[in-house]
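Novice: Can you look at this prediction? I've put the sequence above it.
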Amino acid sequence: MDLEKQPAPQAPPPPSPAPPEGCLTVAIRIPVRIVVLVLVVPVRLVWDALVVAGRFLRDSLLRPLWRALVVWPCVALWRYVVVPLAKAVGWLGKVLLVVPLVWLYRSVLTPIGHGIAWVVRGIVAGLGWVYARVLTPVGQGTVWLLKGLGAGIVWILTLAGRGLAWVGRGIVAGLVWVYARMFTPVGRGIVWLLKSLGALFVWIFTPIGRAIAWCARGLAWLVSAVVGAVVSGIGLALYWIARILLVLPALALWRWVLAPVGRVLVVVGREVRDALGHAWRIAGHISLAVGRFLATLFRWIFVEPVRWVYREVLTPVGHVIRDAVLRPVAEAARSVGRVTRATLASARESVRQARADVRRMLFGDRGQPQVVSPREPTGADTRTLGSSTTALTKD
């Protein structure tokens, strides 16, 4: 059970009311809409007429011309020229390239490759035998010899290094004794002298340097103060001159001239835009009504009379012509065709009989063909599952 109170669904905030329109907007809207409507209606009528004419030309002229001049020639070119030519080129390529290359690969290159592979395998086997039987023992002996030479060289160098180390330690010990007994007192005296000279230099020149630095700081402060005051004065003067001569006139021009003119132009532009939209839609309705009126007028003036003439005049006349003229003529033509076919058949039969008589007169009668009994019984003697033709099972 839910013990907490669910918050009530909040209603969507009401739409903010449109800002009130001023008298200038209302005074501009109606004349602008009237003028724009008068200017846009002919343009919309011409536009709709051009659209209808363009669609009629596209459907009745351009599309059939496109199909007749471009699509069908391209299809015919592709179907009867490119495809057969491609098939012929493919067949020629197969006959002239693929089949010879396959034969060359199968009958020439494959045996050559097998022979080369056999030779390479033999060479590799020979090299392996040479490596295993010749080069490996030679290499092992060379390594053993080099190890012995290296051990001897290391032993000799070790003895020489030890001797040189003993000599070097003696030389270093002598040098250290000479430095400690001779050069150390002289160095200490030179260091004490340099320290004394440094203290004397600091005690004499430090007050002089401090005085010079204090004088330089005072002079720099004075120069910077004078230059800052001069620059600040010049800058303040230029600021007020630019403000009085440029900023204040530009601000007054923007505030009292350009801003009101801009607001008026914005209102006029917005109203012109809205008027163009309303006028275009109204002109569309007017153009639709005019188009329907013209279509109805065309149907009453041309289509309905033509339909009435076709239905009331041409159709009965056509029926009369069909029943009184065309059907008898067609029946007579069919009768003539039947008589002609019968006559031609009898003539062919007469010619065939005459040819047979001439053949009998020249070559005599041929023997009657012997009738060979079929292997399977026919008619009532046909073999079935319930009967048999063998001597043992025949009833």
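Specialist: Great, that's in hand.
Novice: can we go C-alpha only for contacts and neighbour counts from here?
Specialist: Will do.
Novice: where does the stretch 101-250 of the chain dip in pLDDT?
Specialist: Filtered on pLDDT under 70, the stretch 101-250 of the chain yields the residue ranges 181-183, 185-186.
Novice: now stretch 58-73, how far from the chain's geometric center?
Specialist: Relative to its parent chain, stretch 58-73 has a centroid offset of 30 Å by Cα atoms, centre = their mean, to the nearest Å.
Novice: got the end-to-end distance for it?
Specialist: 20 Å (Cα to Cα, to the nearest Å).
Novice: Ok, stretch 55-62 next?
Specialist: 10 Å.
Novice: Going along the chain, name the helices of this structure.
Specialist: Taking DSSP state H to define them, one finds helices in the chain at 23-57, 63-66, 72-77, 83-93, 99-104, 110-130, 136-178, 184-242, 248-253, 259-298, 304-309, 315-321, 327-363.
Novice: any chance of these in TSV, with mean neighbour count too?
Specialist: As requested, the helices of the chain are exported to TSV (neighbours: other Cα atoms under 10 Å):
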stretch	mean neighbour count
helix 23-57	15
helix 63-66	13
helix 72-77	13
helix 83-93	13
helix 99-104	13
helix 110-130	12
helix 136-178	12
helix 184-242	11
helix 248-253	12
helix 259-298	15
helix 304-309	12
helix 315-321	13
helix 327-363	12
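Novice: ok, now which ones touch Ile282?
Specialist: By Cα atoms under 8 Å, 6 or more residues apart in numbering, Ile282 lies in contact with 37, 41.
Novice: So for it, what's the pLDDT?
Specialist: At Ile282, the model reports a pLDDT of 82.
Novice: Then Pro7?
Specialist: Predicted confidence (pLDDT) for Pro7: 52.
Novice: Any figure for the gap between Arg217 and Ser224?
Specialist: For Arg217, the distance to Ser224 (Cα to Cα) stands at 10 Å.
Novice: Please disregard the earlier target; I meant Leu92.
Specialist: 98 Å.
Novice: before we move on, what about Leu157?
Specialist: 78 Å.
Novice: ditto for Val325
Specialist: In terms of Cα to Cα, Val325 sits 128 Å off from Ser224.
Novice: Ala49 now?
Specialist: 83 Å.
Novice: go on, Gly218?
Specialist: Taking Cα to Cα, one finds Gly218 at 10 Å from Ser224.
Novice: try Leu50
Specialist: 81 Å.
Novice: cool, Ala275 as well?
Specialist: To Ser224, Ala275 is 67 Å away according to Cα to Cα.
Novice: ditto for Pro64
Specialist: 91 Å.
Novice: and what of Gln140?
Specialist: Relative to Ser224, and taking Cα to Cα, Gln140 is found at 91 Å.
Novice: again with His285
Specialist: From His285 to Ser224 the distance is 81 Å (Cα to Cα).
Novice: Same check on Pro111?
Specialist: 101 Å.
Novice: and what of Ile321?
Specialist: For Ile321, the distance to Ser224 - Cα to Cα - is 124 Å.
Novice: Check Val176 too.
Specialist: Where Ser224 is concerned, Val176 sits at a distance of 63 Å (Cα to Cα).
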